[in-house]
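Novice: Whatever this is, show me its structure:
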Amino acid sequence: MENFLSDKWDVMPKHSSEEVLQRWRDLCGVVKNPKRRFRFTANLSKRYEAAAMRKTNQEKLRIAVLVSKAAFQFIQGMQPSDYTVPEEVQSAGFQICADELESIVEGHDVKKLKFHGGPHGISQKLATDPTNGITTESLTRRRELYGTNKFEELEPQSFRVCVWEALQDMTLMILGVCAFVSLIVGILTEGWPKGAHDGLGIVASILLVVFVTATSDYRQSLQFKDLDKEKKKVSIQVTRNGYRKKMSIYHLLPGDIVHLSIGDQVPADGLFLTGFSVLIDESSLTGESEPVMITSENPFLLSGTKVQDGSCKMLVTTVGMRTQWGKLMATLSEGGDDETPLQVKLNGVATIIGKIGLFFAVVTFAVLVQKMIGRKWGEGTTLKWSGDDAMELLEYFAIAVTIVVVAVPEGLPLAVTLSLAFAMKKMMNDKALVRHLAACETMGSATNICSDKTGTLTTNSMSVVKSCICMGVKDLSKYSSSGISSELPDSVVKILLESIFNNTGGEVVVNRRGKRKILGTPTETAILEFGLSLGGDFQAERGLSKVLKVEPFNSTKKRMGVVLELPEGRGLRAHTKGASEIILAACDKVLNSEGNVVPLDETSVNLLKGTIDEFANEALRTLCLAYMELESEFSIKDDIPDSGYVCIGIVGIKDPVRPGVPESVALCRSAGVTVRMVTGDNINTAKAIARECGILTDDGVAIEGPVFREKSLEELYELIPKIQVMARSSPLDKHTLVKHLRTTFNEVVAVTGDGTNDAPALHEADIGLAMGIAGTEVAKESADVIILDDNFSTIVTVAKWGRSVYVNIQKFVQFQLTVNVVALAVNFYSACRTGSAPLTAVQLLWVNMIMDTLGALALATEPPNEELMKRAPVGRKGNFISVVMWRNILGQSLYQFLIIWFLQSHGKTIFRLHGYPDSDLVLNTIIFNTFVFCQLFNEVNSREMEKIDVLDGILDNYVFVLVVGATVLFQIIIIEYLGTFASTTPLTFMQWLVSIVIGFLGMPIAVILKQHFPVEN
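Specialist: As a prediction, the model looks like this:
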């Protein structure tokens, strides 16, 4: 089937162009209900709108920047503005209104900003203290005057809308017209109520189909709404009432003091107050790729942009729909998610089968009409047409339309969405938030996982357990709470505390309860905790010196630095901290055991390198701290020096392996998924952890990033399949590894990342996995799945769910195609042989509902089992409709068709119906009943495509049991009580038993197919 689909039906799991997405839409033919079929696909017109809005923003900002530059040159001679504070703003205790704030930041209006006294002047007019933030008492007034930081969102679809969309089905509309005509003609010819039975039966069936379809769609829309809420949960560090805390960005108000650091998304429009080296990426808002430097001269920060480097304090000025980001988000949210490759592929399959079904429907109608005219010709009544003839012709037309209803598998692409929605909801409970639908199904095909070490394979609960300061190695676990300070010279303790508390991205604060709290990454927290254990006071130490320049930690340079102006005019001092071997290489002096600065000779270097290796072999992360005195002519515009440092010491930080990780790695290996560790840590630390996790084997290769970079293409082709650990890697190394695995080796690659610089690798990978706790907003934005607990075991759970989604959809496709083939064959054969169809319009509508909505509910919501992780991954080129599926489809179809043919030919003899009143009606009821039970037992068969025991775990899926039970109940009601409307008659116990037994025989047939007709997938 897939071989009939051209490459025009192929889309990428992510980043498909608008042209590609439009192309397959244009190819879709025989679509019964476009509103339903394309509901969970991207709204391309809204995307074009968003792109146009970005272009407008880019132009507006470009002009604003040019104007502000020109204005800045004449700023000294400007005239005072004629701005008047509105009365309601003044009475609320503020001195500036929302419109004025919006115009200053969005328009980059330096003139207005200067008039209002710059950022600090505006903070006063907003009644904000730049140190302590806003007070709780003013929150209500601020909300009323300035609005909240919330964006307009699409209202979720109501049940009424779902019903209306289900009614848009073209075939159901035609059947509705047929029912109406049948009703009129029937009443005119046979009177009320007898003449109304056929018409009312079709109407009732249509309403039932619409109600069940709408209910299923409504449940899906609610699931997606819940997931959307989770996706939008973003927190930021804010100071309010003098205390710093994490807060949802949606609670921000003008006047709030926000702390931004590398990787954060700017949560609202605002002004830069203080900070260092702030570089902002505005591409999400303007499309402009060149980052912008934010300083006191250019203090404008725009909502939705991302902090690429540095850190700062920001004053919030404009929120919500007043920002350009708010307006853009409102449009983008209507653009929807890209459709998944399976959705598109199954749309193609549905189109092909739909065309075949349409052909058979037309031929069936033509054959039935020809038989009728032939009969009338023989009777000599060709020109005499009665009401009964019109009703018969109408019934034939209704059957033809219903064949189209059954033949066009509209449910195929929708089953993908149903299965994905179900899996995404369940994965949320398993601590994985899926941001893009396609990631769910792609993860099931993953052949490689490139994982970070810190926080993913390890617990991220770090503590300094060993140190080498003044050339002496100390095991800190053997010391009391006072630490090792008593054994170090006072001058060394002083310089060490100065380094720890000033050269850090973390902070020590006191919360409302008066308890000390450390903010920052786990590494920074461990170092600060070490500083406090030495008897240090964070705030006191920070108050002694003035910070002149900060270079935040960079995963490329693997170091961070700070320049301090020492008190009492004692000059300038630089501190640096980072990867041990890199910092050590930058040192030419060291502190000896007396605390004196001495040259770093070869013996000392070897001792320190040996200490680094010793710590690393014990699976400890190592960091080196160093400092240097700077010349007085150093300018803050200069870079912090790269060499000439004095080595203070080395610390070893313990970060234990997470419980369950070795078992998860072993599970991946048994599932054919290769796990590779990509880390910035020392190679010996990485190897020790990788061995503990079971990642590094005897035949595997551990390599350092700088060595990997130097390899030629030919060497890489040979090396990459063997790489199990890459240490001291840069983001570019990770990106290169992922790119080669995907393109050269055709692997399906999942990559984890948490930092800003991981974004390219997350973007390049088939599945980008961002860390929910340690991950930056930039990493999360680039990712397809967010691992909420940062745990590698959760990644394995995602892979299991991905495989489950893939297999569940295969089960449903197998089931539906079997019904399609049999329904088409039976109706076409019967029309040609007898001039009538054994299944009426009402009966076919019921069958359609069993195989479409109810079948999808039953089969597409099967939970994953352990067996899924014992088979090889599908990979990039696996056929979705496999040979195994075709064997099952054709085997079951042949059995069902032969049974229906046999009943049609010999049913009256077997059930002794000759001379029986309404024998045709009884036989057709038995055929209908048998056909339905064949589908029900085939639904059970479809739970397993290769395994013999299809009943294993059936009770674990309550949805399946409920659907099958409800179908049986409705079938009994239709046969026994709704005969007048459904063209059925009550059956005897024996007739029921035979119908059920024939249906059940499909199960041993399935066993025979699996055992005696083995095929290679």
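
Novice: CA atoms for contacts and neighbours, from now on please.
Specialist: Will do.

Novice: I'd like to know which helix or strand in this structure has the lowest mean pLDDT.
Specialist: helix 44-73 (a mean of 64; mean pLDDT, DSSP states H and E).

Novice: next structured bit after it?
Specialist: Where DSSP states H and E defines the elements, the next helix or strand beyond helix 44-73 is helix 87-91.

Novice: which residues touch whichever helix or strand comes after that next one?
Specialist: Following helix 87-91 in sequence order, the next helix or strand is helix 98-106 (DSSP H and E). Taking contacts as CA atoms under 8 Å, 6 or more residues apart in numbering, the residues outside helix 98-106 that touch it are 61, 109-110, 112-113, 145-146, 269-271, 300-302, 317-318, 322-324.

Novice: what do you get if the cut-off is 10 Å, keeping everything else the same?
Specialist: With contact meaning CA atoms under 10 Å, 6 or more residues apart in numbering, helix 98-106 is reached by 57, 60-61, 64, 83-85, 89, 107-113, 116, 122, 142, 145-147, 254, 269-271, 299-303, 316-319, 322-324.

Novice: hmm, which of those are the buried ones?
Specialist: Using 16 or more other CA atoms under 10 Å as the burial test, the contacts of helix 98-106 include 57, 61, 64, 89, 107-113, 116, 122, 142, 146-147, 254, 269-271, 299-303, 316-319, 322-324 as buried.

Novice: Determine how far the lengthiest helix in the chain lies from the middle of the whole chain.
Specialist: Looking across the chain with DSSP state H, the single longest helix is helix 792-834. Mean C-alpha position of helix 792-834 versus that of the full chain (CA atoms, centre = their mean, to the nearest Å) differs by 25 Å.

Novice: Ramachandran coordinates for the closest residue to residue 135 other than its chain neighbours?
Specialist: Excluding its sequence neighbours, the residue lying closest to residue 135 (CA to CA, 6 or more residues apart in numbering) is residue 241, at 5.0 Å. The phi and psi values for residue 241, taken as degrees, to the nearest 10, are phi 50, psi 30.

Novice: what's the answer for the one 5 residues further on, then?
Specialist: Residue 246 has phi and psi values of phi -90, psi 140 when expressed as degrees, to the nearest 10.

Novice: Surely it and residue 252 touch.
Specialist: No: look at residue 246 against residue 252 with CA atoms under 10 Å: they stay out of range, at 11.1 Å.

Novice: shared neighbours, the two?
Specialist: Shared contacts of residue 246 and residue 252, defined by CA under 10 Å, 6+ apart, are found at 236, 238, 258.

Novice: can you give me the strands for the stretch 351-500 of the chain?
Specialist: Listed in chain order, the strands of the stretch 351-500 of the chain (DSSP state E, counting those that start in this stretch) span 432-434, 448-451, 463-469, 472-475.

Novice: list the contacts for residue 722?
Specialist: With contact set as CA under 10 Å, 6+ apart, residue 722 has these partners: 676, 699-702, 716.

Novice: hang on, isn't the residue nearest to residue 135 packed against residue 255?
Specialist: No: in this structure residue 241 lies outside contact range of residue 255 using CA under 10 Å: 12.0 Å.

Novice: Need the overlap of contacts for these two.
Specialist: Listed contacts common to residue 241 and residue 255 are 129, 133-135; contacts here mean CA under 10 Å, 6+ apart.

Novice: just the buried members of these?
Specialist: Neighbour counting with 16+ other CA under 10 Å marks 129, 133-135 as buried within the shared contacts of residue 241 and residue 255.

Novice: got TSV for the residues you listed, with pLDDT, secondary structure and distance to residue 626 too?
Specialist: Below are these laid out as TSV (pLDDT from 0 to 100; DSSP: H, G, I helix; E, B strand; the rest coil; distance: CA to CA, whole Å):
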residue	pLDDT	secondary structure	distance to residue 626
129	92	strand	36
133	92	strand	35
134	93	strand	39
135	91	coil	41
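
Novice: Pick out whichever of those sits closest to residue 614.
Specialist: Lowest distance from residue 614 to those (CA to CA) belongs to residue 133, with 47.0 Å.

Novice: Do a quick rundown of the helices in the stretch 351-500 of the chain.
Specialist: 387-407, 411-429, 437-443, 490-502 (DSSP state H, counting those that start in this stretch).

Novice: again, but for the stretch 501-650 of the chain
Specialist: Taking DSSP H, counting those that start in this stretch to define them, one finds helices in the stretch 501-650 of the chain at 522-533, 538-544, 580-585, 602-617.

Novice: likewise the stretch 101-250 of the chain?
Specialist: Along the stretch 101-250 of the chain, counting by DSSP H, counting those that start in this stretch, helices occupy 110-115, 118-125, 139-146, 159-166, 170-190, 197-231.

Novice: what's the angle from the longest one to helix 411-429?
Specialist: For helix 197-231 against helix 411-429, the angle by axes from the mean of the first three to the mean of the last three CA atoms, to 10 degrees is 40 degrees.

Novice: to the chain's geometric centre, what's the distance from helix 197-231?
Specialist: With CA atoms, centre = their mean, you get 25 Å for helix 197-231.

Novice: for that helix, which positions count as buried?
Specialist: For helix 197-231, the neighbour count (16+ other CA under 10 Å) marks 197-207, 209-221, 223-224, 227, 231 as buried.

Novice: average pLDDT for that helix?
Specialist: For helix 197-231, mean pLDDT is 78.

Novice: just to revisit the earlier point, among the shared contacts of residue 246 and residue 252, which lie within strands?
Specialist: Using DSSP state E, 236, 238, 258 are the members of the shared contacts of residue 246 and residue 252 that sit in strands.
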